[in-house]
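Visitor: Model the following, please.
(one chain, ligands or ions: 1)
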Amino acid sequence: MIARQHVEEIERVLDGRATGRDCQVSASWKRCVELYGMDPTRADPAHIVTEAELRDHRMQAERMIASARSGLQNLFRQVARQNYTVLLTDAKGVCVDFFGDRDFEDDLRGSGLFMGADWSEQLAGTCAAGACIVTGEPVTIHQDDHFGNAHTALSCTAAPIYDSMGQLAAVLDISLLQSPSPKSSQNLAMSLVTASARRVEMANLMAQSRREWVLRLSASPEFLDVDPEAAVTLDGSGRVIGFTRAAGKLFGGADGALLGQRIDSLLDLSVEDLPDLMRDRPTEDRVINMPDGGALFGHAIAPQAPKSPREVTGRLRMRGGPLDALAGSDPVMQRLLLQAERLATTAVPLVLSGETGVGKLRLARALHVSSGKDHSLITLECAAQTPDRLIDALSPPGTAGATLVLRRVEELPRDAQAVLTALLDERPGLRVLTTSCVDLGQAVRDGGFHKPLFYRLSGATLVLPPLRKRQDLGWLVDRLLRRRAPDDLRLSPAARADLTGRAWPGNLHELERVLDVAAALCDGRVIDLPDLPPPAETGAEPSGEDSLEEVLEACGWNMARAARRLGVNRSTVMRRMRRAGVIPPG
Ligand SMILES: Nc1ncnc2c1ncn2[C@@H]1O[C@H](COP(=O)(O)OP(=O)(O)OP(=O)(O)O)[C@@H](O)[C@H]1O
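Guide: Now for the predicted structure:
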């Protein structure tokens, strides 16, 4: 009966008659019928993407998930008692993060309030996340506002999350399986979800802007330092290079038109004034005049460190190539792979250095494949070489233009080092790629490595970072797991947190062994904590010389995780931060 009334009301709306529905809802109903060809009498179940598709969606949204995590947790703490579920969808509508009451897991899954549910309007019909993606505005879709009969018990409120370029990046949604009938019961939900979305945008902007000036803005001095309303990122000349949605609205450039504008054209303020707006001045004194005669309060945050040469300066050109497959979104690796790609087609001899198991040999092979030449690849284990063996290995015809990989060259016996130097001089067509776990320059200075050989091998050096400093550790874990069990073996959240928090002194060698054991031990398709072997005890202090900031950055500034990766406790991390003057972003 109710279903029939619902269908009849949709028909009236399609005929252009007013039925008292919110205009956002009636516009979405029209799209469902006229654009997507949907039938309101059908009660399609929730659409859940496959495990493999979900992994891809999560990988794409990795940064936003990290920025949103603590905001989602906070929001869930506030609304869990009222039985709300908190969802983060990506810009396509797929739920990539989720907090809900485990006691209702089956009901939540059945209703699509779960990880992997696809809430795009084209598939799910009128729903909060879907309508929010289409309109770019917050919306409540309450009970029979939903288009499909399958969802008319739900009440969902969603707000968009924009990235710092003004593009819609995600949607934050809070939903109830059962709710009171007046739609106004969700007004508070709307306030909470829009405020949380604003904070996630702020966290995301701060995470991306450590090397730039950030100007945070608030209409009231009381909230300026604790919960500002808007923020812009500025380059050294005062041009806007990032902004939150609220800043876009404030300056009338929400769709990206704000990018590139100078701050002195927007406010009575130049880049030279920013130091006066830093936290050491009383909040009330940090007033900024607006061109329309109004005023705002400003909090300027200085760049945290000078631009490092290791920062990403460009993107890999060869999408999908063998080099591109070696890393996820780790900025140090991306920069290194960009250099590797440019060097691959040259004859420059390269040293690939880094701790054991960071992927040096793998990189050497990818460089060989990317060279574009159809020559053979000769790999020599240096520890096993004698002068005679070297001569034998490099004598057969066809080796003249080959790629020669010298693996762990620091282990090459001293007498073989001089012979290799002479052999290389006789074979100028060989492309030499050398892997080393030590600093070869230091080995030369210490007298342990033949200087003439060093200068023949080290045209350029590419230093691979250890796993504990990689921001794409989660990506690597998924990649190695997929290779072990292509058919949807996955990690429980606790197992994933454990793996991404380890120090990994054996790097990929160690991670591969741990996943081998876990895949063998786990029952069913989910690897859980008890399936993981404990970290290998080597007595090594893996991170003594690591920059604290690098490890913290790799851990998304999560101190507990950084403490585990560094093998110290949390208070030691905080003490070291104070001593080094390292300040967390935001
Ligand atoms: N990007 C990657 N993705 C997945 N697996 C990788 C990647 N890089 C390396 N591996 C795997 O990790 C293991 C260690 O890699 P590799 O042998 O290249 O390291 P290495 O630094 O040369 O080690 P060592 O210093 O001990 O010689 C290998 O099994 C390799 O296949």
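
Visitor: For the stretch 251-400 of the chain, what lies in contact range of the ligand?
Guide: 326, 354, 356-362 (CB under 6 Å from any ligand atom). Heads up, the C-betas are built off the backbone N, CA and C, glycines and all.

Visitor: could you redo the last one with a cut-off of 8 Å?
Guide: Selection of the stretch 251-400 of the chain residues close to the ligand by CB under 8 Å from any ligand atom yields 325-327, 352, 354-365.

Visitor: Do you know the pLDDT at residue 313?
Guide: Listed pLDDT for residue 313 reads 44.

Visitor: quick one, domains of the protein?
Guide: Listed by automatic domain parsing, the domain ranges of the chain are 2-204, 209-301, 324-465, 468-580.

Visitor: Show me where the stretch 151-300 of the chain has its helices.
Guide: 187-208, 221-224, 245-250, 263-266 (DSSP state H, counting those that start in this stretch).

Visitor: List just the one of those helices that sits closest to residue 295.
Guide: helix 221-224 (10.4 Å; CB to CB).

Visitor: So residue 3 is in contact with residue 9, correct?
Guide: No. The criterion here is CB atoms under 8 Å, and residue 3 misses it with residue 9 at 10.9 Å.

Visitor: who's more crowded, those two?
Guide: residue 9 (18 against 13; other CB atoms under 10 Å).

Visitor: by contact count, what packs against whichever strand or helix holds the more buried one?
Guide: Taking DSSP states H and E as the definition, residue 9 sits inside helix 2-14. If you count contacts as 3 or more CB pairs under 8 Å, 6 or more residues apart in numbering; DSSP states H and E, helix 2-14 packs onto helix 23-30.

Visitor: Averaged pLDDT, the helix it packs on. What do you get?
Guide: The pLDDT scores in helix 23-30 average 95.

Visitor: quick one on the thing from earlier: tell me the most buried of the domains of the chain?
Guide: Comparing the domains of the chain by mean neighbour count (mean count of other CB atoms under 10 Å), domain 2-204 ranks first with a mean of 19.

Visitor: Is there proximity between it and the ligand?
Guide: No. Between domain 2-204 and the ligand, judged by CB under 8 Å from any ligand atom, nothing touches; the nearest distance is 13.7 Å.

Visitor: quick one: residue 419 and residue 391 touch, right?
Guide: Yes. Using CB under 8 Å, residue 419 is in contact with residue 391, at 7.1 Å.

Visitor: Assign the closest residue to the ligand within the stretch 401-550 of the chain to helix, strand or coil.
Guide: Nearest residue of the stretch 401-550 of the chain to the ligand, counting by CB to the nearest ligand atom: residue 508, 3.3 Å away. Classification of residue 508 by DSSP: H, G, I helix; E, B strand; the rest coil places it in helix.

Visitor: How much space separates it from residue 568?
Guide: 23 Å (CB to CB, to the nearest Å).

Visitor: cool, residue 106 as well?
Guide: 42 Å.

Visitor: which other residues reach stretch 358-375?
Guide: Contact with stretch 358-375 is made by 318, 321-323, 325-326, 340-341, 343-345, 350, 352-354, 377, 379, 401-403, 405, 407, 431, 433, 435-436, 462, 464-467, 507-508, as judged by CB atoms under 8 Å, 6 or more residues apart in numbering.

Visitor: Helices - which of the residues you listed land there?
Guide: 340-341, 343-344, 507-508 (DSSP state H).

Visitor: Quick check: pLDDT value at residue 382.
Guide: As predicted, residue 382 sits at a pLDDT of 95.

Visitor: Contacts only, for it.
Guide: Applying CB under 8 Å, 6+ apart, we find residue 382 in contact with 406-412, 416.

Visitor: what pairs with the closest residue to residue 57 other than its chain neighbours across the strands?
Guide: Once flanking residues are discounted, residue 57 sits nearest to residue 94: 4.6 Å by CB to CB, 6 or more residues apart in numbering. Beta bridges link residue 94 to residue 118, judged by DSSP bridges.

Visitor: my guess is residue 94 meets residue 115, correct?
Guide: No. Judged on CB under 8 Å, residue 94 makes no contact with residue 115 at a distance of 9.2 Å.

Visitor: Who are the contact partners of the closest residue in space to residue 260 that isn't next to it in sequence?
Guide: Closest residue in space to residue 260, ignoring its immediate chain neighbours: residue 239 at 5.6 Å, by CB to CB, 6+ apart. Shown in contact with residue 239 (CB under 8 Å, 6+ apart): 260-263.

Visitor: that older thread, from the contacts of residue 382, which ones fall inside strands?
Guide: Here DSSP state E is the test, and these give 406-407 as lying in strands.

Visitor: which of the contacts of residue 382 are close to the ligand?
Guide: Checking these against the ligand (CB under 8 Å from any ligand atom), the matches are 407-408.

Visitor: Let me have the contacts of residue 382 in CSV, adding pLDDT and distance to residue 131 as columns.
Guide: Converted to CSV, these look like this (pLDDT from 0 to 100; distance: CB to CB, whole Å):
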residue, pLDDT, distance to residue 131
406, 97, 60
407, 97, 57
408, 96, 58
409, 96, 60
410, 96, 61
411, 95, 63
412, 95, 65
416, 95, 70
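
Visitor: Closest one to residue 156 out of the contacts of residue 382, please.
Guide: Nearest to residue 156, judged by CB to CB, of the contacts of residue 382 is residue 407 at 56.2 Å.

Visitor: So residue 492 is in contact with residue 525, correct?
Guide: No. With contact defined as CB under 8 Å, residue 492 does not count as touching residue 525 (10.6 Å).

Visitor: rewinding a little: now the contacts of residue 239 in TSV, with pLDDT?
Guide: Converted to TSV, the contacts of residue 239 look like this (pLDDT from 0 to 100):
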residue	pLDDT
260	87
261	89
262	90
263	91
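
Visitor: all strands for the stretch 101-250 of the chain, in order.
Guide: Counting by DSSP state E, counting those that start in this stretch, one finds strands in the stretch 101-250 of the chain at the ranges 139-142, 155-162, 168-176, 213-218, 230-234, 240-243.

Visitor: how about JSON lines for those, with mean pLDDT added?
Guide: What follows is the strands of the stretch 101-250 of the chain, written out as JSON lines (pLDDT from 0 to 100):
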{"stretch": "strand 139-142", "mean pLDDT": "96"}
{"stretch": "strand 155-162", "mean pLDDT": "97"}
{"stretch": "strand 168-176", "mean pLDDT": "96"}
{"stretch": "strand 213-218", "mean pLDDT": "94"}
{"stretch": "strand 230-234", "mean pLDDT": "94"}
{"stretch": "strand 240-243", "mean pLDDT": "91"}
